[in-house]
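Peer 1: turn this into a structure:
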Amino acid sequence: MKFSVASAAVAALGFMSTVSGAAVVKKRAATDPIVVKGSKFFHKNTGEQFYMKGISYQADLSNVDATELPEGQLFVDPLTDVAGCKRDIPLLEALNTNLIRVYAIDTTKSHDECMKMLIEAGIYVIADLSEPGLSINRDSPVWDHHLYERYTAVVDELQQYSNVMGFFAGNEVTNNKSNTAASPFVKAAVRDMKAYMKEKNYRTIPVGYATNDDDKIRDQMASYFNCGPAEDSVDFWGYNIYSWCGQSSLKISGWDKRTQEYEDYNVPVFMAEYGCNEVRPRRFTEVAALYGDVMSPVFSGGIVYMYFEESNNYGIVEVDKSGKATKLPDYTFLQKQLDTVEPKSVKLSSYTPTNTKARACPTQDSVWAASTVLPPTPDEQLCECARSQFSCVPADDLEEENYSDIFAFICGALGDGGCDGIATNGTTGSYGSYSHCDSEIRLGWALNQYYKNQNEAADACDFKKQAMLATPSSLSSTCSTKIDSAGGPSGTSSSGGSNSGGNGGSTSKTPNAAVSLVIPGVGLIGLNILIVVAISFFGGIGMVML
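Peer 2: A predicted model of the protein is given here:
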């Protein structure tokens, strides 16, 4: 994935381009929702098969005055930039694209104008649910209620538009063998977003994942997100792959083998990002292969990275600070390639899937560490109930960047099992009762546990003025029931919210199998290491119970 926190935004706001979209053949409006049957996408009403001819559409902050953004926001929503949509949608139409991928949207703003223009142009949208700063971190993964709120807010906002065809619950979260234990958290997000749409009676919009092309784990990744109950697994599989460079071929690029590997996959597979730029201008010779006779029976098209030209040189259109758009040579090459392809298709009514069986879950070993036991669905009400009972809480002015040292001290001092109530482990499939609460509540839980452990001594809730005393409120019957079900105020370390099939993850001898704690700013740390960190940082604070 080339879209990052450093480049998480769209281009200039409020300016019109002098470049026109050229002559555009009027396309059918994108009013017919896209549905999944077997390993293919179809238009729901007409029954025609849908192949993605897509492009990523979200630029960096280079043309934006960052002071105009809301505090803490690291992107600008391309679907609220009406002037940009008026400038770019004719160019997208002329490109022969039928889909854009957006990586982050502002759920507080209306998207009506841009979405109406896209619908009229026959262009569908596939959207990532996260945003920079609110996503599952591969190095310190959690699935907490803040992330849940963000993801459901995107669903709430975009489900109303007929041209929204899917959501990505993650993009390259696990990207090598060192962080495969992050995958249960992403799969939990898939499960919960599917359940949320069903609960809200929204139309069924597919939820999937976009993976990178790591040869050590690519097979395990595809199997893991496909295995187990359908309600937990992905509805589609996106593949970010950049191995076709210049004048390549199916064999040289390895795309022939990638096609063979997905022949039995029982949900749609497509290229969520492609377009190697080692040779420029890009002539996009891979387009003919992707929509040709070998690949099109397996792949449902793909999404070129990317529309906007930026410092990484993947763009096909350059937008300057005045808002003027200039087509680059890559644009013309891609336009011609997309204009000539006509993949063979099948009608929904006549299609009978033959590859209906989900894959088996991958075995845990030295390369693959992820448990099939998933984290529980975040419960904000439980978290707030727990907060209401804390006698020691973080100081009002404590910044999150300072949480890590306090976590380290407390969990090291409490010793083995002392922080199980907020610990997570994607390898063993063990998740504390309050591990899905946000970082402030998890720290409050830790402070409260330590304060109680020290018999509420006067100096046990201070931490160099980083903690303060609080008065617990009376418990409602609802809160009492929830806290009791969670194992009481201390909580328990349980085996998650669902088992997506297979190993269970509780006894396998795998990497990082010790109980771990997600510490903001530090990541997953074994509790034996926490003791060392605690002594070194807070060595002068008294009454440490080891």
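
Peer 1: could you point out the helix or strand that follows the helix ranked longest in the chain?
Peer 2: In the chain, assigned by DSSP state H, the helix with the most residues is helix 183-199. Toward the C-terminus, helix 183-199 is succeeded by strand 207-211 as the next helix or strand (DSSP states H and E).

Peer 1: just the CA atoms of that following strand, as CSV, please.
Peer 2: What follows is strand 207-211, C-alpha atoms only, in CSV (Å, rounded to 0.1, in the frame of the first residue of the first chain):
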residue,chain,number,x,y,z
VAL,A,207,-16.7,-6.5,3.6
GLY,A,208,-13.1,-7.7,2.8
TYR,A,209,-9.4,-7.1,3.2
ALA,A,210,-6.5,-5.9,1.0
THR,A,211,-3.3,-7.9,1.4
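
Peer 1: report all helices and strands that that strand contacts.
Peer 2: Packing partners of strand 207-211 (3 or more C-beta pairs under 8 Å, 6 or more residues apart in numbering; DSSP states H and E): strand 164-171, helix 183-199, helix 218-224, strand 236-240, strand 269-274. To be clear about C-beta, it is placed using only N, CA and C from the backbone, and glycine gets the same treatment.

Peer 1: what's the second one packed up against?
Peer 2: With contacts defined as 3+ C-beta pairs under 8 Å, 6+ apart, the packing partners of helix 183-199 are helix 145-158, strand 164-171, strand 207-211, helix 218-224, strand 373-374.

Peer 1: could the ones you listed be laid out in CSV, adding mean pLDDT?
Peer 2: Below are the helices and strands packed on helix 183-199 laid out as CSV (pLDDT from 0 to 100):
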stretch, mean pLDDT
helix 145-158, 98
strand 164-171, 98
strand 207-211, 98
helix 218-224, 98
strand 373-374, 97
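
Peer 1: tell me which of the ones you listed sits nearest to A360.
Peer 2: helix 218-224 (6.6 Å; C-beta to C-beta).

Peer 1: now do stretch 143-163: distance to the chain's middle.
Peer 2: Offset of stretch 143-163 from its chain centre (C-alpha atoms, centre = their mean, to the nearest Å): 12 Å.

Peer 1: dead centre of this structure: give me the residue that sits there.
Peer 2: G170 (2.2 Å; C-alpha atoms, centre = their mean).

Peer 1: against A370, how distant is the closest residue to it other than its chain neighbours?
Peer 2: Nearest in space to G170, with sequence neighbours left out and distances taken as C-beta to C-beta, 6 or more residues apart in numbering, is V186 at 4.0 Å. Distance, V186 to A370, by C-beta to C-beta, to the nearest Å: 10 Å.

Peer 1: tell me how many other residues crowd the closest residue to E310 other than its chain neighbours.
Peer 2: Closest residue in space to E310, ignoring its immediate chain neighbours: D60 at 5.1 Å, by C-beta to C-beta, 6+ apart. Using other C-beta atoms under 10 Å, D60 has 20 other residues around it.

Peer 1: just the pLDDT for V24.
Peer 2: V24 carries a pLDDT score of 45 in this model.

Peer 1: residue ranges of the strands in the stretch 51-200 of the chain, please?
Peer 2: Ranges of strands within the stretch 51-200 of the chain are 52-56, 99-102, 124-128, 164-171, based on DSSP state E, counting those that start in this stretch.

Peer 1: touching, the residue nearest to the centre of the chain and G208? I think so.
Peer 2: No. With contact defined as C-beta atoms under 8 Å, G170 does not count as touching G208 (9.1 Å).

Peer 1: hang on, the earlier thing: most tightly surrounded among the helices and strands packed on helix 183-199?
Peer 2: strand 373-374 (a mean of 28; mean count of other C-beta atoms under 10 Å).

Peer 1: pLDDT below threshold where in the stretch 151-300 of the chain?
Peer 2: For the stretch 151-300 of the chain, not a single residue meets the criterion pLDDT under 70.

Peer 1: residue contacts, the nearest residue to M193 once chain neighbours are set aside?
Peer 2: Spatial nearest neighbour of M193, excluding adjacent residues (C-beta to C-beta, 6+ apart): V207 at 4.9 Å. Shown in contact with V207 (C-beta atoms under 8 Å, 6 or more residues apart in numbering): 166-169, 190, 193-194, 197, 234-235.

Peer 1: and the residues you listed as JSON lines, adding distance to V346?
Peer 2: What follows is the contacts of V207, written out as JSON lines (distance: C-beta to C-beta, whole Å):
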{"residue": "G166", "distance to V346": "20"}
{"residue": "F167", "distance to V346": "25"}
{"residue": "F168", "distance to V346": "26"}
{"residue": "A169", "distance to V346": "28"}
{"residue": "V190", "distance to V346": "27"}
{"residue": "M193", "distance to V346": "29"}
{"residue": "K194", "distance to V346": "26"}
{"residue": "M197", "distance to V346": "27"}
{"residue": "V234", "distance to V346": "22"}
{"residue": "D235", "distance to V346": "19"}
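
Peer 1: first-to-last residue distance for stretch 57-76?
Peer 2: End-to-end distance for stretch 57-76: 12 Å, by C-alpha to C-alpha, to the nearest Å.

Peer 1: ok, back up a step: export the helices and strands packed on helix 183-199 as CSV, with columns for distance to D106.
Peer 2: Formatted as CSV, those follow (distance: least, C-beta to C-beta, whole Å):
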stretch, distance to D106
helix 145-158, 9
strand 164-171, 16
strand 207-211, 21
helix 218-224, 30
strand 373-374, 29
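
Peer 1: which one of those lies closest to S296?
Peer 2: strand 164-171 (18.1 Å).

Peer 1: listing partners with orientation, what would you give for the closest one?
Peer 2: strand 124-128 (parallel), strand 207-211 (parallel) (DSSP bridges).

Peer 1: what angle sits between the first one and strand 236-240?
Peer 2: Strand 124-128 and strand 236-240 are oriented at 80 degrees to each other (axes from the mean of the first three to the mean of the last three C-alpha atoms, to 10 degrees).

Peer 1: shaky segments in this structure?
Peer 2: 1-27, 495-497, 502-546.

Peer 1: give me the domain ranges for it.
Peer 2: 29-350, 379-538 (automatic domain parsing).

Peer 1: closest to T363 out of the ones you listed?
Peer 2: So among the domains of the chain, domain 379-538 is nearest, using C-beta to C-beta, at 6.7 Å.

Peer 1: pull the distance from the closest one to the chain's centre.
Peer 2: Using C-alpha atoms, centre = their mean, the offset of domain 379-538 from its chain centre is 24 Å.

Peer 1: if I pick E342, what's in contact with it?
Peer 2: Y291.

Peer 1: ok now do A169, which residues does it touch?
Peer 2: 129, 151, 186, 189-190, 193, 207-209, 234.

Peer 1: how about those in a markdown table, adding distance to V319?
Peer 2: Formatted as a markdown table, those follow (distance: C-beta to C-beta, whole Å):
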| residue | distance to V319 |
| --- | --- |
| L129 | 26 |
| Y151 | 29 |
| V186 | 32 |
| A189 | 33 |
| V190 | 34 |
| M193 | 32 |
| V207 | 31 |
| G208 | 29 |
| Y209 | 30 |
| V234 | 34 |
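
Peer 1: closest one of these to L158?
Peer 2: Closest to L158, out of all of the contacts of A169 and judged by C-beta to C-beta, is L129, at 9.5 Å.

Peer 1: make sure that closest one is actually in contact with F168.
Peer 2: Yes. Taking C-beta under 8 Å as the definition, L129 is a contact partner of F168 at 6.5 Å.

Peer 1: what is the end-to-end distance of stretch 136-147?
Peer 2: 8 Å.
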